[in-house]
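Chemist: need coordinates for the below:
(one chain, ligands or ions: 1)
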Amino acid sequence: MTDDSRFDVAVAGAGPAGMMAALSAAGTGASVVLLEKNPSPGRKLLLTGKGRCNLTNDCGLSSFLERFGKNGPFLRDAFKALFNRGLVDYFETRGLMMKTERQARVFPVTDKAGSVLEVLMGDLEKRGVRLLKGAAVSAVQIKEGRVRGLKLKDRGTLACDKLIVATGGLSYPGTGSDGDGLRWAAAMGHRITDPGPALAPLRSDPKITAPLEGLTLKNIRLEFSSGSRRLVSDIGEVLFTRTGISGPLVLTHSGRIGEWLADEAAVSAGVDLKPALSEEQLERRILREFGRAPNKQAVNVLKALLPARLIPVFLNRISLGPEVRAHSVPRAARRKMVALLKDFRMPVTGTAGFSQAMVTRGGVSLKDINPRTLESRKVRGLYFAGEIIDVDGDTGGFNLQAAFSTGYLAGLSAAGRRPETA
Ligand SMILES: Cc1cc2nc3c(=O)[nH]c(=O)nc-3n(C[C@H](O)[C@H](O)[C@H](O)COP(=O)(O)OP(=O)(O)OC[C@H]3O[C@@H](n4cnc5c(N)ncnc54)[C@H](O)[C@@H]3O)c2cc1C
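Modeler: The predicted model follows:
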């Protein structure tokens, strides 16, 4: 690039937000350049949904917004411009059909994130977006409170009056999102809400979890507590890893747990393995099982109640030898067994960090961005889109929709258009 390279709109970062921003700006006839520091765009997009890309969620607007917590309402205008059905239509009219799975999660019928990327790349070419790969933006040039251009690492400068920063957050930094945009935003005077990992596995005591590595407990309820604070999950599954716990319930609450831990609070997680039964019902059930086979070893009878891999752990916690027969299990041990089944507790020592977090909590403060246009309130001609903004949602397709919708709105606004959809 040379000093005379000039575009109406420049977009930094070719993730889902940046690609959609470039497409919507180019759709108005603006000349657009899309700058990606990796040799190819959409690296993180290819990892989404375990490679299947959970593109969006087919729930209604208010439920959708709720899945972003207290910052959800900020997204209302972006979702008005492009929401879930609009996003599905975008791909389906370009030949990539979508299907809806359990919990209204939407995936491409190909089960391949690569198909989503292919459509976007094809459209970028069709709309004449100039895509520069291996082009790392290193600084934003501002004069009199307005964007004037940007500097590229080892590739000179580029003049533009409008810049959309879509460089992502800090999670999975190996995919390219390592916080460049956040640093520029801070340097340009934007407030940054402390970034932290969200949708991340939690760390626990490996002495408890390592022997259970790979075990998934289904239809359980998870409760987190710390002093007087309590957070109870829905019914779902938990997966044991070598160093802790994961699975959708854990990921969903990990952002909040991370905040508790940041207060240096002692946090623990308790698994209710029998959420449908009260303690009394459960005790009756154990008595019934023991009564049916009084001379069997208690270990074998317990197989009807909990996964085989948990049995030694449970016996250990209630100090019961494996050879004990069902009829001679003392009442106190039975009670302890009930208590454990209802609350198998382990300490939570940390979150797994940005390297394993699916999204970043925090980012450019909503106070410094106009939600109607996504333009900065500090620098004219500067827009933000995607995960760099201080919004993060649940698992289930919510984050990609937010990236595409904010990208779409930022692209239109930067090109001087207002969205048509109301
Ligand atoms: C493993 C995993 C699975 C996920 N699965 C899902 C899912 O199924 N559904 C869902 O909704 N969400 C999912 N997410 C979250 C989703 O991927 C993100 O929310 C989304 O990618 C954010 O899009 P973005 O465009 O804002 O940022 P990113 O996708 O992070 O893209 C930012 C781009 O900017 C580029 N960049 C950074 N700095 C510069 C620079 N200085 N110059 C030029 N380019 C730069 C980066 O290289 C990158 O390509 C998943 C995340 C992970 C990690």
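Chemist: the residue lying closest to S177 once chain neighbours are set aside in helix, strand or coil?
Modeler: Distances taken as CB to CB, 6 or more residues apart in numbering place G168 nearest to S177, at 3.0 Å, with adjacent residues excluded. Any C-beta I mention is one placed from the backbone N, CA and C, and that applies to glycine too. Following DSSP: H, G, I helix; E, B strand; the rest coil, G168 is assigned to coil.
Chemist: G168: how many residues sit nearby?
Modeler: Neighbour count for G168, taken as other CB atoms under 10 Å: 30.
Chemist: now do P307
Modeler: 14.
Chemist: show me what contacts it?
Modeler: Each residue near P307 by CB atoms under 8 Å, 6 or more residues apart in numbering is listed here: L215, L217.
Chemist: and what of the one 3 residues further on?
Modeler: Taking CB under 8 Å, 6+ apart as the definition of contact, the neighbours of L310 are L212, L215, L273, F344.
Chemist: and it, that's in a helix?
Modeler: Yes - assignment of L310 by three-state DSSP places it within a helix.
Chemist: residues touching the residue of the stretch 101-250 of the chain found nearest the ligand, list them.
Modeler: In the stretch 101-250 of the chain, the residue that lies nearest the ligand is G176 (2.0 Å; CB to the nearest ligand atom). Going by CB under 8 Å, 6+ apart, G176 touches G13, G15, E36, K37, N38, R43, K44, G168.
Chemist: so E259 makes contact with G196?
Modeler: Yes - counting by CB atoms under 8 Å, G196 is a contact partner of E259 at 7.3 Å.
Chemist: quick one: the longest helix anywhere in the chain to chain centroid distance?
Modeler: Assignment by DSSP state H gives helix 398-414 as the longest helix of the chain. Relative to the centre of its chain, helix 398-414 is centred 16 Å away, using CA atoms, centre = their mean, to the nearest Å.
Chemist: just stretch 406-418 next, same as before
Modeler: 24 Å.
Chemist: alpha carbons of it, as PDB, please.
Modeler: Output of stretch 406-418 as PDB, limited to C-alpha atoms (Å, rounded to 0.1, in the frame of the first residue of the first chain):
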ATOM      1  CA  THR A 406     -22.900  -5.700  14.500                       C
ATOM      2  CA  GLY A 407     -20.700  -6.100  11.400                       C
ATOM      3  CA  TYR A 408     -23.700  -5.600   9.200                       C
ATOM      4  CA  LEU A 409     -24.800  -2.400  11.000                       C
ATOM      5  CA  ALA A 410     -21.300  -1.000  11.300                       C
ATOM      6  CA  GLY A 411     -20.800  -1.600   7.500                       C
ATOM      7  CA  LEU A 412     -24.000   0.200   6.600                       C
ATOM      8  CA  SER A 413     -23.300   3.100   9.000                       C
ATOM      9  CA  ALA A 414     -19.800   3.600   7.800                       C
ATOM     10  CA  ALA A 415     -21.000   3.700   4.200                       C
ATOM     11  CA  GLY A 416     -23.500   6.400   5.300                       C
ATOM     12  CA  ARG A 417     -26.700   4.300   5.000                       C
ATOM     13  CA  ARG A 418     -29.400   3.500   7.600                       C
END
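Chemist: buried stuff in it?
Modeler: Using 16 or more other CB atoms under 10 Å as the test for burial, stretch 406-418 gives T406, G407, Y408, L409, A410, G411, L412, S413, A414, A415.
Chemist: repeat for stretch 239-248
Modeler: For stretch 239-248, a neighbour-count test (16+ other CB under 10 Å) marks L239, F240, T241, T243, G244, I245, S246, G247, P248 as buried.
Chemist: doesn't the first one fall inside a strand?
Modeler: Going back to what we said before, that points to L239. Yes - under three-state DSSP, L239 falls within a strand.
Chemist: K133 touches P41, doesn't it?
Modeler: Yes - if you go by CB under 8 Å, K133 and P41 touch, sitting 7.2 Å apart.
Chemist: the more surrounded of the two?
Modeler: P41 (23 against 13).
Chemist: how about the more buried one, secondary structure?
Modeler: P41 is classified as coil under three-state DSSP.
Chemist: now it: how far from the ligand?
Modeler: According to CB to the nearest ligand atom, to the nearest Å, P41 and the ligand sit 6 Å apart.
Chemist: contact partners for the closest residue to that residue other than its chain neighbours?
Modeler: Nearest residue to P41, sequence neighbours excluded (CB to CB, 6+ apart): A14, at 3.4 Å. Counting by CB under 8 Å, 6+ apart, A14 makes contact with A22, L34, L35, E36, N38, P41, G42, L131, A166.
Chemist: need the pLDDT of A14.
Modeler: Turning to A14, the model gives it a pLDDT of 98.
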